[in-house]
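*Asks:* model the following, please.
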Amino acid sequence: MSRLVNNLSGSRLGVVLKALGKAAKSLECYFAVLLIFYESVFHWLITGKYGEHLILKMLFGLFFGYIIGMIVNLIGGLPAKITGLVITIVVMAFFIAHTVYYGVFATHMSLTGSLHTADQALDFTDVIASELKADWWKLLIMLIPLFVYIFVVWRRSDFKRHNWKGFLMNGAALVVIFMTMRFSVAASDDGLYSPYKLMQNYQSVDMSVRKLGILETLYLELFNGDSKGKVNFQSEGDNPLYVDGTDPFGDPIDTTEDPNATTEEVTTEEVTTEEVTTEEPTTEVVIDTSPNVLDIDFDKLIAEEDDSDIIALHEYIKTVTPTNKNEYTGMFKDYNLIFVVAEGFDGFMIDQYRTPTLYKMSHQGFHFKNFYTPLWYGSTLGGEYADLTGLMPMNGGYLSMYRCGVRENDMLFTLSQQLLREGYKVTGYHDNDYTYYDRDISHPNMGYSWYGVGNGYEPERYEDGDQLWPQSDLRMIQTTFDEYAKDQPFHTYYLTVSGHVMYNFGGNAMASRHSDIVENLDYSETTKAYIACQYELELAMTELENRLEAAGIADNTLIVLCADHVPYDNKEVVDELAGRVLDDTFEWYQNTLIIYSPSMEEHVEVSKYCSSLDILPTVLNLMGLPYDSRMMVGQDILSDSPALIVFNDRSFITDYCMYNANNGEVTNLTMREVSEEYIDSMCVMVSNKFNMAQSIVDTNYYSVIDQAVYGNGVNEHNER
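*Replies:* As a prediction, this is how the structure comes out:
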């Protein structure tokens, strides 16, 4: 840290300060240098370097700064001085907010998305205060322009209005800057995620900030972030995993063998030609390996559709390779289903002796050895959306879960909708405010009878009447189980809160309650507090299993448990639990997925790379529910499909490699290196999947499919 501060306070910072001083008499130059300063310093503080396309970011700063300076000069006099001071403070606060937000959530801030949830920011005051305390030196650097304005610009500039010649010259200069900026953007069209393409189709606040900077991202978000008619899928070829007749390693494909063929299929001929013996004949089980798709005539839908965005989705989805049914299809058909999304849960905290129930469920059910929980935009809501829909949420701008709810989007493939169709009793519980993140809108829209604090769930309180924070997950199981267990079949959704930050023994009620179980552990106080508050989840799952056994329905109930996100503000905790420093592109997000039923006689080891996006299609297949695997980004983990994990920054993991989209680094997972063509092909596939996920929400696409397959009317409330 000290080295970074010294670098900033050395030659580079000195040059910037001198430039600010010389620009003091020209407000256009001052504001241009001001924005360039903040843009450059922000990227330095976040990444330790100036990031990609520095010149382009400086041109954006120059352009917007010049416009601000001209506007202030139009005012003139003391009002202009005050206006300039206010603008400096607002710009400073804006960049400080971005810096703190990234420090807390490990993603970049979207202004429109943050404004929507600003009333809930108070719940993170402790986290924000902790971040401010840890990064005080960053904030000190951010204060420099304010002092420059007060002690230099305020005193030296006369703030007189320009005459017509001055405005004409500044206008001409602005035109030159604009043309230079446009030329630079056009010249940057050098790849799938080039600045030019990002400006044409803004979709990711993280990628846009990284490549275009904060200023241009703000502009795009305000003016292009919710635009329509930009659905654009690129061709992936006949098989998206292979390019020009070659495999991932660049070798020619052996066309005599289908690369997608399953080895589990047994044909009738093979059964009937077996040698006849005197032993009692055995019946071979023929496994249905047909595609998991719905009966949809896409050509007919395309011919009848007027919306170009929906037509683009039809044309793309019909080319997607579906996943196949397998030996596990329908394994838990007609079972009760309890689905748990655990707040801040990380599998590294599971211990065979300290958390025996979680250990049993994660090892005696389906044991997923390479499961990841990518960090999605929107904190808990983004992770929850991925878990429940098999789609990644929008990265910046609107929150996908809220948007689906407020626009009454058809949530056709969610477990709640599918099981309601099967006659299940469907309920959802949260031991926090039931309106938090507008879940009182989004979750009933998915089909849940939704209960939480303020809507039928009575929270635990201290003697003075104040609510505990966080609430007890154990108590949530104890007080709700009887409400649904008598009505079979049932699907119950639990969204926990006991594992919520902050992780300390002073303000976290659950950590304080279980401090005795961690007092002798050789960990930091923060890590001990994390384990202690997550121990409440262990108690809740133990209680759940005991109640299922007592009710005699354990063997007919499937339990699914996953995280909403990793402890994103406490990577040091995860490092400590893992026993090593994890890289923050992939390793940090490795986690545990539980799919377990007491009826399972043997556990199933699964080595396939998979993620939270894959949970929904996997559970749908296990329960034998009809769905179309082409319409989700996630895929059935237990199918024979190639592995694919996508991350928010467009990095990905396949069977063959890990690809870091931030620097283009490829880590091979086999003894051979993948070809450049394979990486390019996968980048196109990942881009298309992000486009599909967003377009499905924007167009209410599932309502069109619902109408085509089941005859349910298209939701006219949705603005298509």
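
*Asks:* which residue is nearest the centroid of the chain?
*Replies:* Nearest to the mean C-alpha position of the chain, by C-alpha atoms, centre = their mean, lies Trp376 at 1.5 Å.

*Asks:* low-confidence bits of the stretch 401-550 of the chain, can you list those?
*Replies:* Applying pLDDT under 70 to the stretch 401-550 of the chain picks out no residues at all.

*Asks:* let me fix that: the chain
*Replies:* Residue ranges of the chain with pLDDT under 70: 1-25, 47-51, 112-124, 127, 224-231, 235-246, 253-283, 713-720.

*Asks:* check it for its longest strand and report it.
*Replies:* When the chain is parsed with DSSP state E, its longest strand is strand 425-433.

*Asks:* picking that back up, surely the residue nearest to the centre of the chain forms part of a helix?
*Replies:* No. Trp376 is assigned coil when assessed by DSSP: H, G, I helix; E, B strand; the rest coil, not a helix.

*Asks:* what's near enough to touch the nearest residue to it once chain neighbours are set aside?
*Replies:* The shortest distance from Trp376 to any non-neighbouring residue, by C-beta to C-beta, 6 or more residues apart in numbering, is to Gly382 (3.4 Å). (Each C-beta comes from the backbone N, C-alpha and C, glycine too.) Contacts here follow C-beta atoms under 8 Å, 6 or more residues apart in numbering; on that basis Gly382 touches 376, 393, 399-401, 565.

*Asks:* can I get those residues in JSON lines including distance to Phe366?
*Replies:* Below are these laid out as JSON lines (distance: C-beta to C-beta, whole Å):
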{"residue": "Trp376", "distance to Phe366": "23"}
{"residue": "Pro393", "distance to Phe366": "25"}
{"residue": "Leu399", "distance to Phe366": "31"}
{"residue": "Ser400", "distance to Phe366": "27"}
{"residue": "Met401", "distance to Phe366": "26"}
{"residue": "His565", "distance to Phe366": "21"}
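
*Asks:* take those residues and keep only those in helices.
*Replies:* Judged by DSSP state H, the contacts of Gly382 include 400-401 as members of helices.

*Asks:* closest one of the contacts of Gly382 to Lys133?
*Replies:* Lys133 has its nearest neighbour among the contacts of Gly382 in His565, at 22.9 Å by C-beta to C-beta.

*Asks:* from Asn232, how far out is that closest one?
*Replies:* 30 Å (C-beta to C-beta, to the nearest Å).

*Asks:* now Gly396
*Replies:* For Gly396, the distance to Asn232 - C-beta to C-beta - is 18 Å.

*Asks:* and for Lys325?
*Replies:* Taking C-beta to C-beta, one finds Lys325 at 32 Å from Asn232.

*Asks:* tell me what the following helix or strand past the longest strand of the chain is packed against?
*Replies:* Scanning forward in sequence from strand 425-433 by DSSP states H and E, the next helix or strand is helix 439-446. Packed against helix 439-446 by the contact rule (3 or more C-beta pairs under 8 Å, 6 or more residues apart in numbering; DSSP states H and E) you find helix 400-406, strand 449-453.

*Asks:* want to try a markdown table for these, with distance to Leu548 and mean neighbour count as columns?
*Replies:* Converted to a markdown table, the helices and strands packed on helix 439-446 look like this (distance: least, C-beta to C-beta, whole Å; neighbours: other C-beta atoms under 10 Å):
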| stretch | distance to Leu548 | mean neighbour count |
| --- | --- | --- |
| helix 400-406 | 29 | 23 |
| strand 449-453 | 20 | 20 |
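
*Asks:* okay, now Tyr429: neighbour count?
*Replies:* Tyr429: 24 surrounding residues under other C-beta atoms under 10 Å.

*Asks:* likewise Gly552?
*Replies:* Neighbours around Gly552, by other C-beta under 10 Å: 8.

*Asks:* am I right that it is in a helix?
*Replies:* No. Assignment of Gly552 by three-state DSSP gives coil, placing it outside any helix.

*Asks:* for it, list the residues it contacts.
*Replies:* Listed by C-beta under 8 Å, 6+ apart, the contact set of Gly552 is empty.

*Asks:* gap between it and Asn336?
*Replies:* Relative to Asn336, Gly552 is positioned 12 Å away (criterion: C-beta to C-beta).

*Asks:* equivalent analysis for Ser687, please.
*Replies:* Distance from Ser687 to Asn336, by C-beta to C-beta: 39 Å.

*Asks:* between those two, who's got more neighbours?
*Replies:* Asn336 (24 against 21).

*Asks:* residue contacts, the more buried one?
*Replies:* Shown in contact with Asn336 (C-beta under 8 Å, 6+ apart): 488-492, 553, 556-558.

*Asks:* do the same with Gly378
*Replies:* Here Gly378 is in contact with 113, 385, 393, 399-401, 437 (C-beta under 8 Å, 6+ apart).

*Asks:* ok, Ile696 to Asn409 distance?
*Replies:* 9 Å.

*Asks:* any shared contact partners between the two?
*Replies:* Tyr702.

*Asks:* may I have the phi/psi pair for the residue nearest to Ile96 when sequence neighbours are not counted?
*Replies:* Leaving aside its sequence neighbours, Ile96 sits nearest to Met142 (C-beta to C-beta, 6+ apart; 5.1 Å). For Met142, the backbone dihedrals (degrees, to the nearest 10) come out as phi -70, psi -20.

*Asks:* what about Met142, how many residues nearby?
*Replies:* Residues near Met142, counting by other C-beta under 10 Å: 22.

*Asks:* is it true that it touches Met92?
*Replies:* Yes. Between Met142 and Met92 there is a contact at 5.9 Å, judged by C-beta atoms under 8 Å.

*Asks:* and for these two, which residues touch both?
*Replies:* In contact with both Met142 and Met92: Tyr38, using C-beta under 8 Å, 6+ apart.

*Asks:* that older thread, rebuild the helices and strands packed on helix 439-446 as TSV, extending it with distance to Ala129.
*Replies:* Below are the helices and strands packed on helix 439-446 laid out as TSV (distance: least, C-beta to C-beta, whole Å):
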stretch	distance to Ala129
helix 400-406	27
strand 449-453	24
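
*Asks:* fine by me, we can end here.
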